[in-house]
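Novice: Build me a model:
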Amino acid sequence: MSYIPHPKGGKAAKPASAAQTPANPDLSDSGSPVSRHIRERALSLSEILVLRLPPDIELLGRLILAGTLGLLYGMRGGGKSLLAMIIAYAIAGRKFVTPWGQGSGDAVCYLDGEMRIHGFQERLEQLHAFNTDEESKSAVREKLWIVSRHLIGDLVGTLDTEEGQKSIEAYFPPKMRFLIIDNLSAWTSGGGEDLHGWQAVKTWLIQLRLRGIAVLLIHHAGKGGGQRGTSAHEDLVDYSIEVSPMFLEDEPEATAFRVEHKKLRDQLPHLKSPYSFRIRTADGAMRFSAEAVILDSQKQLDLVVSLHEQGLKGKEIAKASGLSEATVSRRLKEHRESRPETPN
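Specialist: Just a heads-up that it's a prediction; the model follows:
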C-alpha cells in the first residue's frame, strides 16, 4: 500500500476537459478499427450491430468494469468502509471475493475523508495479514494507493468545485483504473446531498468514466434506509449496493452485514440474491466470509442454474455463490433430472 504526497511547490495537474478527453479512450487507444468519423456522429442500427468493440476490462468480476460507476451506501458504522477496503484490496491484489469474482491487479486509489489514519492503517494491516499469497501481497503493496485527509493535514479539496477536483486529481497514481471515494459527504462542501452540488460531481464522474476509470462512491443511508439525499445519485450509476448491519447470536463480536444489489444495469442474475458478510479479527488478521442468503430451495436452484449457464463448474459455482459444494451438486442434479428427456 502506498501514500501519495502532493507535488511539492507545483500546481495541481489540470484534468482533461470534456473536449480534450477522447469520446472513448479504450476505443481510440487500443487499436480498435472504430475511426473518429464514426465516433463523432449518430450511428444506424445496422452500423451498431456490426461495430467491433474491444472487450470490457473486468476489475472485479463482471460487476466492476473499467469506466463503471457504483454506489455503496448504508447506516453509520454498518460496515461500508470495511467492505470498500476489501474490494479495493481484492482488485489491487488479484484476489477473489464472493459474490463478485476475481480482482484484476490494477492500480487503485482510495480517498479517505473521515477516518483517523491510525485506525485506517490498523484495518489495512489486519487485511494484509489475512493474505497468505506472497505474490498477491507484493502486488497490492505497489497497486493500492491511499489519500488520507487526516494524514495530509489539509482539506485537500472538494469534489463539487472545479478547483477541488483539480487538487484531488493531482494525487491520482499513474495508470489508476479504480477510485473509491469514502465518502460523498466528506468529500463535498455541502455533503453531496442536494441536486445543485451533485451536478458538479456528476460532470466530473462522467469525465472519469470517459477516461476508463471506474469509481465507487460510498454514501450514508437516510432514516428510511435508502441512500441519503437526492435520488439523482442512483440515476447515473451502473450498480448500487445497500449494506445493512446484522447481529450474529453465535458470534456477537464479529462485524456482520447484509449486502443487497439494489440496481444492476448489466444482467447478473446471481447478484439478485442478498449476501451476508461476516468479518472477524483474530491474531492480528482480518478474516471475512460471504454467503448467499437463500430463503428456499427454489431460489438456490435458480442461482446455481444461472451460474451453471454462464459456464461455471461445481467448485466455481460454490465459490461464486457462497453455497457448499454439496448443495451445488444437489441442485445441479435436480436441474438435470427436471429437464425432459430428448427423444431418440
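
Novice: Which stretches in the stretch 201-344 of the chain count as helices?
Specialist: 233-236, 297-309, 314-321, 325-338 (DSSP state H, counting those that start in this stretch).

Novice: Please produce CSV containing those, extended by distance to E135, mean neighbour count and mean pLDDT.
Specialist: Every residue, glycine included, has its C-beta placed from N, CA and C. Compiled in CSV, the helices of the stretch 201-344 of the chain are given as follows (distance: least, Cβ to Cβ, whole Å; neighbours: other Cβ atoms under 10 Å; pLDDT from 0 to 100):
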stretch, distance to E135, mean neighbour count, mean pLDDT
helix 233-236, 36, 16, 85
helix 297-309, 27, 18, 85
helix 314-321, 19, 19, 84
helix 325-338, 26, 14, 88
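
Novice: between those, which gets nearest to M115?
Specialist: helix 233-236 (22.0 Å; Cβ to Cβ).

Novice: Need the contact partners of stretch 95-104.
Specialist: The contact list for stretch 95-104, computed with Cβ atoms under 8 Å, 6 or more residues apart in numbering, reads 57-64, 86-87, 89-94, 131, 133, 136, 177, 270-271, 275, 289-292, 319-322.

Novice: Could you rerun that using 7 Å?
Specialist: By Cβ atoms under 7 Å, 6 or more residues apart in numbering, the surrounding residues in contact with stretch 95-104 are 58-63, 86-87, 89-91, 93-94, 136, 270-271, 275, 290, 292, 319-322.

Novice: Among the residues you listed, which lie within strands?
Specialist: E58, L59, L60, Y275, A290, A292 (DSSP state E).

Novice: which of the residues you listed has the weakest pLDDT?
Specialist: Of all these, A292 carries the smallest pLDDT score, 85.

Novice: Just list whatever residues bridge to that residue.
Specialist: Y275 (DSSP bridges).

Novice: Among the ones in strands among the contacts of stretch 95-104, which pair sits farthest apart?
Specialist: It's L59 and A292 that sit farthest apart of those, by Cβ to Cβ, at 22.1 Å.

Novice: which regions of the stretch 201-344 of the chain lie under the pLDDT threshold?
Specialist: 222-232, 294-295, 340-344 (pLDDT under 70).

Novice: Helices of the stretch 1-150 of the chain, residue ranges please.
Specialist: In the stretch 1-150 of the chain, the helices defined using DSSP H, counting those that start in this stretch lie at 25-29, 36-39, 45-50, 80-93, 117-130, 134-143, 149-152.

Novice: Could you provide the helices of the stretch 201-344 of the chain in a markdown table, with additional columns for distance to H261?
Specialist: Listed next are these as a markdown table, based on distance: least, Cβ to Cβ, whole Å:
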| stretch | distance to H261 |
| --- | --- |
| helix 233-236 | 12 |
| helix 297-309 | 13 |
| helix 314-321 | 14 |
| helix 325-338 | 21 |
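
Novice: distance of S104 from S189?
Specialist: 33 Å (Cβ to Cβ, to the nearest Å).

Novice: Same question for E325.
Specialist: Taking Cβ to Cβ, one finds E325 at 51 Å from S189.

Novice: returning to what we had before: select only the buried ones of the contacts of stretch 95-104 in PyMOL?
Specialist: Only the buried entries of those go into this PyMOL selection, using 16 or more other Cβ atoms under 10 Å:
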select buried, resi 58+59+60+61+63+86+87+89+90+91+93+94+136+270+271+275+290+292+319+320+321+322
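
Novice: So which of S104 and S189 has more stuff around it?
Specialist: Legend: neighbour count by other Cβ atoms under 10 Å for S104 and S189, higher for S104 (22 against 14).

Novice: Backbone dihedrals for that one, both of them.
Specialist: phi -90, psi -20 (degrees, to the nearest 10).

Novice: any idea how far it lies from P54?
Specialist: In terms of Cβ to Cβ, S104 sits 15 Å off from P54.

Novice: likewise S81?
Specialist: For S81, the distance to P54 - Cβ to Cβ - is 33 Å.

Novice: Could you find the closest non-adjacent residue to D106?
Specialist: Spatial nearest neighbour of D106, excluding adjacent residues (Cβ to Cβ, 6 or more residues apart in numbering): R177 at 4.0 Å.

Novice: So this protein: which segments form each domain?
Specialist: With domains defined by automatic domain parsing, the chain comprises 23-55, 57-292, 298-338.

Novice: for the second one, the distance to its chain's centre please.
Specialist: By that I understand domain 57-292. Remark: domain 57-292 is offset 6 Å from the chain centroid, using Cα atoms, centre = their mean, to the nearest Å.
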